[in-house]
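Student: sequence and predicted model, in that order:
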2 protein chains.
Amino acid sequence: MTISADEIVMNSEFDIINRYFLRSAHNASLGIGDDAALISCQPDTDLAISVDTLVASHHFFPDVEPRSLGHKVLAVNLSDMAAMGATPRWVTLSLTLPKIIAHDNAWLAAFSSGFFALADQHQVELVGGDTTQGPLSISVQIMGEVEREKALRRSGAKLGDDIWVSGFVGEAALALRYLQQKTMLTAEAAASCLPALHTPIPRVSLGRALINVAHSAIDVSDGLVADLEHILQGSQVAATIELDHIPCSSRLKDKLSEGGADYQLAIDCLLAGGDDYELCFTVPENKRIVVTQLAQQVGVRLSRIGKIVPGEGLTVLNNNRDPLIFNKKGYDHFLD
Amino acid sequence: MTISADEIVMNSEFDIINRYFLRSAHNASLGIGDDAALISCQPDTDLAISVDTLVASHHFFPDVEPRSLGHKVLAVNLSDMAAMGATPRWVTLSLTLPKIIAHDNAWLAAFSSGFFALADQHQVELVGGDTTQGPLSISVQIMGEVEREKALRRSGAKLGDDIWVSGFVGEAALALRYLQQKTMLTAEAAASCLPALHTPIPRVSLGRALINVAHSAIDVSDGLVADLEHILQGSQVAATIELDHIPCSSRLKDKLSEGGADYQLAIDCLLAGGDDYELCFTVPENKRIVVTQLAQQVGVRLSRIGKIVPGEGLTVLNNNRDPLIFNKKGYDHFLD
């Protein structure tokens, strides 16, 4: 085995930025390389701002494929823009790297290629950031534009609204439990659900299309129940959803119908799995046709799972329309 | 010893945000609590954006007083706004906490009080963030407003400009070397220089006042030589500065005149120490009186340390006006 020149090169903080992250500014007045970036906002827009940090061993396996990691750290932030109905425009990236990764050019190249592939797809510009030494952790701050006072908030749900969710729920959680060897999957089933965990697709076009249609929206990152409850608390309403209306893959449906140990695991994935990055939103009943058209327009499956009702809290009805009792209400970093 | 109720309470991610970081939005259309914050930029301004992450054991001692840490993590970001001449307005905070700190209410209260004391002083609003579990690391993203096309950039230095620096340089580095037991200080001297390390004062008013006065500016975070070289590279010019014009405390002056081991340490502190958060800026010679008036106006000592000249690179002249030879060119996280 030979050690290539690349592998023994020592990267300085500036080398890492210059080699892997420096691009000329297009949407920004001033990009990477000064004390701050400069951007000009459009008039009549609000700027939507969000930040999400992924920490090794807590949010991802330390040996995760770096190209996927570069994708995912941006995807989870794009998903926050989607949930506001905003067009993502600019990001900053704060990379904390152990020395061994800071000097691993293959890792850095793969990470940045995953990051920029998704950024380019959404015409999002990296305008700043920093690179520090320490345990692997990546923080992305995202900024997007949304028509003034039109953003989709958690607090807008109204009595009688239908509750909708995009895509499939529980896939990422199922993939995680498979990697943790908590459940078995065929090779084919594993291959089908792992991308939901590693390279989630943020629903940016859907979020934009929901402006003037949805009363409220959130992205499903903590788990369907926990995130829907954020809407209920924000809007001071209650909701009823039906378990068998929650969209999920045949893999998860099989586990739900098998009974036994995997039934509980499937319920957990579906209701409290998190890491889905689908949108959950509420729309008045008289706009069902609009939502159906919109699903075709953006090419995303949309499922109606329940109703906003008076009162407090969330009721999940099982297949017999009895209220389901469950414990785990979503992922909390400090209580797991 | 008794364990108080507070000390055994388990904090969830939401508890931490609600108890220590949630405040009502004043400058923002929507603050903490949704998928993103919403802000409205003033017309005819650019938005300046910067991010800085502090990692335990790399940027601060893990047992640092949490109130100071809350101050410092905001101060280093305010300093980036100062260097652009921007008025800081909004921040997001990404906190990665080990479990033991996440459940230490005294730590969290002290950290947030240090953070908000400085935020209030500058009327800066915390609009979002996240809280995750992992090795202690804190990332702040700051946004500020600056008159369109008026921001102070690194690239604006002109031949013949005077080079100025605010306050004292090298104090924070001296304090660090004292804590690392690399040098001795009297108790009184230590007490005088430790605040420069723990609770630096960002030069926000000075930065604002330098708009339309300075051709270029940077904040001294990596070390005077390294940061001034960023201006030289950005502006494609050279510079000469004089060692004995660099403003420093009597403590550092004593070490400079003592000779021996501490002479080199003092030179390192002065030229490559970093963590100063003073402003280094260039101004045309015919505005010397303006700068002097401005120093009085904002109550900050300003020292003229050299000139922008044709060519490439930085020359530091010693007290005999001979070029000084030195190695360490500032702090780099991956090469130390």
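Tutor: Ah, there it is.
Student: how about the helices of the stretch 151-300 of chain A, start to end?
Tutor: Residue ranges of the helices in the stretch 151-300 of chain A, as given by DSSP state H, counting those that start in this stretch, are A:171-179, A:187-198, A:204-209, A:224-235, A:250-258, A:261-272, A:288-298.
Student: end to end, how far does stretch A:37-54 reach?
Tutor: 23 Å (Cα to Cα, to the nearest Å).
Student: that stretch near chain B at all?
Tutor: Yes: with Cβ under 8 Å from any Cβ of the partner chain as the criterion, chain B is reached by stretch A:37-54 at A:37-41, A:43, A:46-54. (Glycine included, C-beta is placed from N, CA and C.)
Student: least reliable of the helices of the stretch 151-300 of chain A going by mean pLDDT?
Tutor: Least confident of the helices of the stretch 151-300 of chain A, judged by mean pLDDT, is helix A:250-258 with a mean of 86.
Student: for that helix, packing partners?
Tutor: Packing partners of helix A:250-258 (3 or more Cβ pairs under 8 Å, 6 or more residues apart in numbering or on different chains; DSSP states H and E): helix A:171-179, helix A:187-198, helix A:261-272.
Student: switch the cut-off to 7 Å
Tutor: Here helix A:250-258 touches helix A:187-198, helix A:261-272, going by 3 or more Cβ pairs under 7 Å, 6 or more residues apart in numbering or on different chains; DSSP states H and E.
Student: what's the most buried one of the ones you listed?
Tutor: When the helices and strands packed on helix A:250-258 are scored by mean count of other Cβ atoms under 10 Å in any protein chain shown, the highest mean neighbour count falls to helix A:261-272 (a mean of 21).
Student: which one's the longest helix in chain A?
Tutor: In chain A, assigned by DSSP state H, the helix with the most residues is helix A:66-84.
Student: which residues of the stretch 51-200 of chain A lie near chain B?
Tutor: A:51-53, A:55, A:58, A:80-81, A:83-84, A:86, A:92, A:94, A:96, A:99, A:102, A:127-135, A:137, A:139, A:141, A:148, A:151, A:153-154 (Cβ under 7 Å from any Cβ of the partner chain).
Student: one step back: to residue A:297, which of the helices and strands packed on helix A:250-258 lies closest?
Tutor: The minimum distance between residue A:297 and the helices and strands packed on helix A:250-258 falls on helix A:187-198, with 22.9 Å, by Cβ to Cβ.
Student: name the helices or strands packed onto the closest one?
Tutor: helix A:171-179, helix A:250-258.
Student: give me the contacts around it.
Tutor: A:68, A:72, A:171-172, A:174-176, A:178, A:249, A:251, A:275 (Cβ atoms under 7 Å, 6 or more residues apart in numbering or on different chains).
Student: for residue A:130, helix, strand, or coil?
Tutor: Using DSSP: H, G, I helix; E, B strand; the rest coil, the structure places residue A:130 in strand.
Student: ditto for the one 10 residues further on
Tutor: The three-state label given to residue A:140 by three-state DSSP is strand.
Student: okay, now it: neighbour count?
Tutor: 28 (other Cβ atoms under 10 Å in any protein chain shown).
Student: before we move on, back to that, so which of the helices and strands packed on helix A:187-198 is the most packed in?
Tutor: helix A:171-179 (a mean of 24).
Student: which stretches of chain A have low pLDDT?
Tutor: A:1-10, A:25, A:258-260, A:327-336 (pLDDT under 70).
Student: give me the domain ranges for it.
Tutor: Annotated domains of chain A cover A:5-147, A:154-317 [automatic domain parsing].
Student: closest one to residue B:230 among these?
Tutor: domain A:5-147 (8.6 Å).
Student: please name the nearest non-neighbouring residue to residue A:215.
Tutor: Of all residues not flanking residue A:215 in the chain, residue A:156 sits nearest, at 4.3 Å (Cβ to Cβ, 6 or more residues apart in numbering or on different chains).
Student: which residues does that neighbour contact?
Tutor: A:215-216, A:235.
Student: tell me which helix or strand the nearest residue to residue A:122 once chain neighbours are set aside sits in.
Tutor: Among residues not flanking residue A:122 along the chain, residue A:88 sits closest, at 5.5 Å (Cβ to Cβ, 6+ apart). Element membership for residue A:88 (DSSP states H and E) is strand A:87-97.
Student: angle of that strand against strand B:87-97?
Tutor: 50 degrees (axes from the mean of the first three to the mean of the last three Cα atoms, to 10 degrees).
Student: who touches strand A:87-97?
Tutor: Contacts of strand A:87-97 (Cβ under 7 Å, 6+ apart): A:21, A:27-28, A:39, A:74, A:77-78, A:81, A:122, A:124-145, A:204, A:208, B:49, B:51, B:53, B:55, B:137, B:139, B:141.
Student: sounds good, over and out.
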